[in-house]
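# Everything below, folded, please.
(one chain, ligands or ions: 1)
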Amino acid sequence: MDINVVNALTYEDFVKLFGNVVEKCPLIPAAIWSHRPFKDLADIEAHIKEFIHSLPDSGKEGVLRCHPDLAGLDLQSGTLTRESQEEQSQAGMTTLDSAESLQMYRLNTEYKERFGFPFVICARLNSKADIVRQLSERLKNDRAAERERAVEEVTKICSLRLRNIVLSDIQTKL
Ligand SMILES: NC(=O)N[C@H]1NC(=O)NC1=O
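Numbering: from 1, shown residues only. Down below sits the predicted model:
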């Protein structure tokens with residue numbers, strides 16, 4: 001995908017195309033649109049990261065709260081976004097047995113009670129075993145460290161989603 005094509009998109013088409021690069025946060029692409037023209041995809045990514053990092057703690061936590069639980073209710077009821085469905089499926093979250101589902105439910109619940117936002121990890125870069133291990137490990141962090149850790153995962157998810165868009169035919173997304 002040519003960056004000139006992206007730079008020529010209307011605001012509406014830009015948000016339609018990049019609206020979910022950060023889960024359920026179309027405000028983020030809407031905000032960075034004003035930085036056009038972008039040099040390349042890395043430039044778009046840098047603006048998104050800068051925007052997220054510039055948010056106050058409450059804003060960062062808000063971004064985290066837009067994420068569905070891994071192997072949670074949205075997955076069970078078929079209400080995940082297309083991107084999240086693909087990612088969770090790739091990490092084996094859609095084929096958990098009942099003991100694994102219960103373990104994820106308990107850990108997710110404990111995590112949300114401790115931090116007040118859901119556990120977020122880039123599912124495409126982690127196996128089922130990695131996810132369970134990291135969920136248990138990260139429960140030991142303090143809130144500020146964990147917020148930053150989780151935001152880092154949001155940026156990894158965003159990078160892969162951006163790459164996916166670029167590698168696929170732009171026309172099919174509009
Ligand atoms: N909670 C959480 O990590 N959710 C996600 N991770 C990911 O890669 N896609 C998601 O929706």
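
# Can you pull the residues of the chain lying near the ligand?
Within the chain, the positions lying close to the ligand (CB under 6 Å from any ligand atom) are 23, 67-70, 84, 87, 118-124, 157. All C-beta atoms are positioned from the backbone trio N, CA, C, and that covers glycine.

# Mind checking which of those residues land in helices?
84, 87, 157 (DSSP state H).

# Let's see the PyMOL selection covering just the buried ones among those.
PyMOL command restricting those to the buried ones, with burial defined by 16 or more other CB atoms under 10 Å:
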select buried, resi 84+87+157
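
# nearest to Ile44, of the ones in helices among the residues of the chain next to the ligand?
Ile157 (14.8 Å; CB to CB).

# Now do the contacts for the closest one.
Neighbour list for Ile157: 22-23, 87, 120, 122-124 [criterion: CB atoms under 8 Å, 6 or more residues apart in numbering].

# Looking at those, which are in strands?
Counted as lying in strands by DSSP state E, out of these, is not a single one.

# Quick one: buried ones out of those?
Using 16+ other CB under 10 Å as the burial test, the contacts of Ile157 include 22-23, 87, 120, 122-124 as buried.

# Can I get the strand or helix carrying Asp13 as CSV, trimmed to CA atoms?
Per DSSP states H and E: Asp13 is located in helix 11-18. What follows is helix 11-18 as a C-alpha-only set of coordinates in CSV (Å, rounded to 0.1, in the frame of the first residue of the first chain):
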residue,chain,number,x,y,z
TYR,A,11,-11.1,11.7,7.2
GLU,A,12,-14.1,9.3,7.1
ASP,A,13,-12.2,6.7,5.0
PHE,A,14,-9.1,7.0,7.2
VAL,A,15,-11.1,6.3,10.3
LYS,A,16,-13.0,3.5,8.6
LEU,A,17,-9.7,1.9,7.6
PHE,A,18,-7.7,2.4,10.8
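
# Report the buried residues of whichever helix or strand comes after that helix.
Remark: after helix 11-18, the chain's next helix or strand is helix 27-32, criterion DSSP H and E. Of the residues in helix 27-32, 27-29, 32 count as buried by neighbour count, 16+ other CB under 10 Å.
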